[in-house]
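Asker: Following is a predicted model, sequence given first.
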Amino acid sequence: MVDRKVGYALLRQCGWLAATPQEFQDEVLKRCNFYSFEKGKWIYRPDDTGDGLWGVVDGGLHVILTQGVVAPRSGVFAATGFWTGEGSLLAREPRTIGLRTTRRTQMVHLPERAFLSIAAEQPEAWRWLGMLTFFHMVGALGLREDLCLRNPEARVIASLCRMMLPQWGGPSISGAMRNAEVTIDISQTELADLCNVSRSLLANFLAELKRSGLIDPGYGSITILDPGALENRLRTYA
């Protein structure tokens, strides 16, 4: 866990907020509430009433998707720099996804009224909110394309690579951290379900990636030991 000052510095470097002007960042972080949650805590559930934006400072979330034929299900893992909640703010509709912590997690919450106050002073705030929607659209389209890959091993690797990018289309945290180990909180059952592969086939894929020194599967998690090398492995299927 990090203190608030360090956490806010991370949010200025990673994800959606990092792609906005400094004066907007200043107002968002000034008006945010800072929270700590234990593992397994629902931040909000599908169909809950929306109230502003949530951002991940440290820790991890499962984003629970609801729009498929078989739903709800864990769709992606999200970590530092991930923000969401703009859909309910823009549409004045209930939440269409859920957020549940996968480990001890620190988050910030920008209530709707706080965002509206910022927008009254900085009209371009609506542009930055729309940009968050754009980032999510890019991520969702990319996930859709990944899951249409014919090769099942490619689908698995592509899904793991996408979950190394918690900001869903925003800027990377920094060049120096791109090759750092990344732990993704997802079980093999959840990953097999997401990638539409059998549990036994997935186990074989993960064992091969482990032998290659690319990953270290754990209980309910997978650590990517060499993100760059895993991305290079994915390119061999192109």
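Answerer: Alright, I've got the coordinates.

Asker: CA atoms for contacts and neighbours, from now on please.
Answerer: Noted.

Asker: Any idea which helix or strand in this structure has the lowest mean pLDDT?
Answerer: Taking mean pLDDT, DSSP states H and E as the measure, the chain has strand 73-78 as its least confident helix or strand, at a mean of 74.

Asker: Now the element after that one, going C-ward?
Answerer: Going down the chain from strand 73-78, the next helix or strand is strand 83-84, by DSSP states H and E.

Asker: quick one: contacts of that next one?
Answerer: With contacts defined as C-alpha atoms under 8 Å, 6 or more residues apart in numbering, strand 83-84 is touched by 15-16, 53-56, 132, 167.

Asker: now stretch 87-106, how far from the centre of its chain.
Answerer: Relative to the chain's own centre, stretch 87-106 is displaced by 11 Å; criterion: C-alpha atoms, centre = their mean, to the nearest Å.

Asker: If you could redo that for stretch 215-229, that was the one I meant.
Answerer: A distance of 17 Å separates the centroid of the chain from that of stretch 215-229, by C-alpha atoms, centre = their mean.

Asker: Over to stretch 15-26?
Answerer: Distance of stretch 15-26 from its chain centroid, counting by C-alpha atoms, centre = their mean, is 18 Å.

Asker: next one: stretch 51-64
Answerer: Here the centre of stretch 51-64 is set off from its chain's centre by 8 Å, with C-alpha atoms, centre = their mean.

Asker: Then stretch 81-89?
Answerer: A distance of 11 Å separates the centroid of the chain from that of stretch 81-89, by C-alpha atoms, centre = their mean.

Asker: What about the contacts of strand 83-84, which are in strands?
Answerer: Counting by DSSP state E, the contacts of strand 83-84 place 53-56 in strands.
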